[in-house]
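Undergrad: Below are the sequence and a predicted model; questions follow.
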Amino acid sequence: MTTETTTTDERSQAPSMMAAPVATGLAVVPPAPPVGPGVESESDDKIDDEVDPARRPRIVGLRCRSCFRPEAVGPSFVCPACFGPLEVVYDREAIRAQVSRAAIEARAPGIWRYLELLPVDEVPARGLAVGSTPLLRADRLGAELGLAPGRLRLKDDTRNPTLSFKDRVVAIAAARAVAFGFDTLACASTGNLAGATAAAAAAIGLRAVVFVPADLEPAKIDHALSYGATVVPVRGTYDEINRLSLEIADEEGWAFVNVNLRPFYAEGSKTLAFEAAEQLGWRLPDVVVAPIASGSLFTKVARGFEDLVAAGLVEDRLVRFIGAQAEGCSPVAQAFATGSDDIRPVRAPDTIVRSLAIGSPADGRYALALARRTGGSIEAVPDEATSAAIRRLGRTEGVFAETAGGVTVAGLEQAVRRGLIGPDDEVVALITGNGVKTPDAKWFGVEPGAGSQSGGLVPPIEPSYAAFSAAGLAE
Ligand SMILES: Cc1ncc(COP(=O)(O)O)c(C=O)c1O
Ligand SMILES: [Zn+2]
């Protein structure tokens, strides 16, 4: 790739980019890590640097994350040489020439306002309205945790069309499924993905078949059914369902959003980073706190920040990444705590946090590397703390999170308590799913009948003031 300086032509393409601070490097996090897992190396395969970057294709191809072998764009996800995961490669110079703050800001809300940073050629004709969820200032929660006013913000992804951030990843995978000519959209799900896949397929006009653990929360099974999907409960763990899905994808030729379309699916999580940075006024925060199941969301938010820096849209700075897992299924947190590089699979997850119950996380080693090299951590959260955090979040901020959100808030709390986050750090916590899908989780470990003015369900009363008063509710 050439290192030509900016031309007049580029300047006219990207007016506000010129006003943007100049990025000091491509990595969000110093020092530059050695090449290895989770490390971006600029690829110049297939980039025709004779062509003006403003007119070059943004999407170069796929590439193995382990051995960097290039692959053509297609519904493939594993490197034929070393079986490493594939990811999308972009021409960053072309993106920089084609995108600007002003162009993004002029567009309608939703994830497609960041089109140039996504692995899709054009905005899909059909699909759900995903993204542009609020970044809430959370002073009341922040104060309880010991953070200064204005320092804690919640990315409220409980408000996506199917009530979780999974709508983001599915939107990208579904757009690609259509482009590749698939007629069936499928997934292996821990719960939220099933609903997101079912709804996206409905909106586009594809058939949906979703595979979930047979003992999943009924609300999540029902949610997927609401969109007309075929729901297949499997008597097994998520990891077993994932293995089955690999076989079915191969045999049936279906588009499994998180299996054979995984390189595209994963890019969808970057939109959380794009939105958060734009909502902060085109700035990066000091700390991100996020839940980890496969580790895809966690690592892709970091990559999203790197992409913004590379595109000249935000200034480079250190962002510490703090991940959170449920103690009963916390392979990445355990490796972090012991200082090991070895992520030992959890064969039988034991937690109320079903949405994060992945015993063998595909992106676990990248998540571990990210937390380590940014000075972050991976927190393991007991179920009682998750439940208490769901209640605290609801009580202080009016946001009702599902278990993954409880894990995030409890993980944040732990990190503050351990001094990993200071009172003046600017923190963005990702609340990735809505509590209506896990209604019982908020009462885990709580004695039934606790009620009255601190909140809680009061036994039914007769319709009289005397009864109201007798119940101890009068002030
Ligand atoms: C609500 C919610 N948050 C976070 C995650 C974690 O996603 P990832 O597998 O990308 O780590 C999931 C995964 O299912 C989820 O359902
Ligand atoms: Zn490889």
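TA: Nice, thanks for sending it over. Ligands and ions are numbered 1, 2, ... in the order given.
Undergrad: and residue 52, how far is that from residue 93?
TA: 10 Å (C-beta to C-beta, to the nearest Å). Glycine gets a C-beta too; all of them are placed from N, C-alpha and C.
Undergrad: More neighbours: these two, which one.
TA: In this view residue 52 and residue 93 are compared by other C-beta atoms under 10 Å, and residue 93 has more residues nearby, 23 against 14.
Undergrad: Chain neighbours aside, what residue packs nearest to the more buried one?
TA: Computed as C-beta to C-beta, 6 or more residues apart in numbering, the closest residue to residue 93 that is not its neighbour in sequence is residue 53, at 4.6 Å.
Undergrad: Repeat that for residue 352.
TA: In space, residue 352 comes closest to residue 383 once its chain neighbours are excluded; the distance is 4.8 Å by C-beta to C-beta, 6+ apart.
Undergrad: That neighbour: neighbour count?
TA: For residue 383, the tally of surrounding residues (other C-beta under 10 Å) stands at 21.
Undergrad: From residue 242, how far out is the residue in the stretch 251-400 of the chain that ligand 2 sits nearest to?
TA: Nearest to ligand 2, among the residues of the stretch 251-400 of the chain, is residue 263, at 12.9 Å (C-beta to the ion). Residue 263 sits 16 Å away from residue 242 when distances are taken as C-beta to C-beta.
Undergrad: sorry, back to before: touching, the residue nearest to residue 93 and residue 90? I think so.
TA: No. Taking contacts as C-beta atoms under 8 Å, residue 53 lies outside contact range of residue 90: 11.6 Å.
Undergrad: Now do the buried residues in stretch 96-115.
TA: Along stretch 96-115, the positions that meet the burial threshold by neighbour count (16 or more other C-beta atoms under 10 Å) are 96-101, 103-104, 110-115.
Undergrad: so what's residue 363 up against?
TA: Under the criterion of C-beta atoms under 8 Å, 6 or more residues apart in numbering, the neighbours of residue 363 are 85, 266, 294, 295, 296, 298, 299.
Undergrad: Mind listing the residues bridging to residue 210?
TA: Note on residue 210: beta-bridge partners residue 187, residue 231, judged by DSSP bridges.
Undergrad: so who does it touch?
TA: Counting by C-beta under 8 Å, 6+ apart, the residues that residue 210 touches are 186, 187, 189, 193, 194, 197, 198, 224, 229, 230, 231, 232.
Undergrad: Residue 154 too?
TA: Each residue near residue 154 by C-beta under 8 Å, 6+ apart is listed here: 135, 136, 138, 141, 393, 397, 399, 428, 429, 431.
Undergrad: just checking, which of those residues belong to helices?
TA: Secondary structure of the contacts of residue 154 is defined by DSSP state H; positions in helices are 141, 393, 397.
Undergrad: Please tabulate the residues you listed in JSON lines, including the columns pLDDT, neighbour count and distance to ligand 1.
TA: Below are the ones in helices among the contacts of residue 154 laid out as JSON lines (pLDDT from 0 to 100; neighbours: other C-beta atoms under 10 Å; distance: C-beta to the nearest ligand atom, whole Å):
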{"residue": "141", "pLDDT": "98", "neighbour count": "23", "distance to ligand 1": "18"}
{"residue": "393", "pLDDT": "98", "neighbour count": "26", "distance to ligand 1": "14"}
{"residue": "397", "pLDDT": "98", "neighbour count": "21", "distance to ligand 1": "17"}
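Undergrad: These into a markdown table, with extra columns for distance to ligand 2?
TA: Formatted as a markdown table, the entries for these read as follows, by distance: C-beta to the ion, whole Å:
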| residue | distance to ligand 2 |
| --- | --- |
| 141 | 43 |
| 393 | 41 |
| 397 | 44 |
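Undergrad: So which of the buried residues of stretch 96-115 is the closest to ligand 1?
TA: Set against ligand 1, the nearest of these by C-beta to the nearest ligand atom is residue 111 (15.7 Å).
Undergrad: distance between the ends of stretch 94-113?
TA: Across its full length, stretch 94-113 reaches 17 Å end to end, with C-alpha to C-alpha, to the nearest Å as the criterion.
Undergrad: Hmm, residue 236 and residue 349 touching each other?
TA: No. Applying C-beta under 8 Å as the test, residue 349 and residue 236 come out as separate, 11.6 Å apart.
Undergrad: Isn't residue 266 up against residue 170?
TA: No. Under the criterion of C-beta under 8 Å, residue 266 makes no contact with residue 170, lying 11.5 Å away.
Undergrad: between these two, who's got more neighbours?
TA: Between residue 266 and residue 170, counting by other C-beta under 10 Å, residue 170 is the more crowded of the two (34 against 27).
Undergrad: low-confidence ranges in this protein?
TA: 1-46, 448-454 (pLDDT under 70).
Undergrad: Tell me the residues of this protein that contact ligand 2?
TA: By C-beta under 5 Å from the ion, the part of the chain that sits against ligand 2 consists of 64, 66, 67, 69, 79, 81, 82, 84.
Undergrad: got these as a markdown table, with secondary structure, distance to residue 217 and neighbour count columns?
TA: Formatted as a markdown table, the entries for the residues of the chain next to ligand 2 read as follows, by DSSP: H, G, I helix; E, B strand; the rest coil; distance: C-beta to C-beta, whole Å; neighbours: other C-beta atoms under 10 Å:
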| residue | secondary structure | distance to residue 217 | neighbour count |
| --- | --- | --- | --- |
| 64 | strand | 36 | 19 |
| 66 | coil | 35 | 15 |
| 67 | coil | 40 | 11 |
| 69 | coil | 40 | 15 |
| 79 | coil | 35 | 20 |
| 81 | coil | 40 | 11 |
| 82 | coil | 37 | 12 |
| 84 | coil | 34 | 17 |
